[in-house]
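[1] Quick one, what's the 3D model for this:
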Amino acid sequence: MTGPAHRPPRDCPVCRDRLFVTRLGCSSCGTELSGGFKPCAFCGLSDDDLELLRVFLVSRGNMKDLERHLGVSYPTARQRYADVLTRLGLEPVAPPVDRRQVFEEVAAGRLGVDEAESLLRHDR
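    Have a look, this model is predicted:
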């Protein structure tokens, strides 16, 4: 037996409520357990989100390292990290956006107008 190739869906396709695990199986010996199991908060994240978290953790929370890995501006890296936190239900109180830095990033061509608008809109 081989292990599963896909992650399970996080939400019910009928009512959109959160799904929970009721069955586990061993790919080696075929043993199965059934019951109600605590869900994994990270299992519903995309591969890109998991990679972002991996890089963030390996760099010991250094947002500049995350920025370099993603190949985006600092404000964009911060926003992508905040988006992952939101998907995990860990919506922190975001620090205010440095408006001047956003405008400087746009002027330098490192940040697109749409991204800047999104960052400034979320800061209200």
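[2] Assign the residue of the chain most remote from its centre to helix, strand or coil.
    In terms of distance from the mean C-alpha position of the chain, residue 29 ranks first, at 33.7 Å (C-alpha atoms, centre = their mean). Following DSSP: H, G, I helix; E, B strand; the rest coil, residue 29 is assigned to coil.
[3] Spit out the contact partners of it.
    With contacts defined as C-beta atoms under 8 Å, 6 or more residues apart in numbering, residue 29 is in contact with no residue. Quick note: C-beta positions are derived from backbone N, CA and C, even for glycine.
[4] Residue 65 too?
    For residue 65, the residues meeting the contact criterion (C-beta under 8 Å, 6+ apart) are 55, 59.
[5] Please give the element, helix or strand, for it.
    helix 63-70 (DSSP states H and E).
[6] Could you list the buried residues of the longest helix along the chain?
    For the chain, the longest helix by residue count, based on DSSP state H, is helix 74-87. Under the neighbour-count criterion of 16 or more other C-beta atoms under 10 Å, helix 74-87 has 74, 75, 76, 77, 78, 79, 80, 81, 82, 84, 87 buried.
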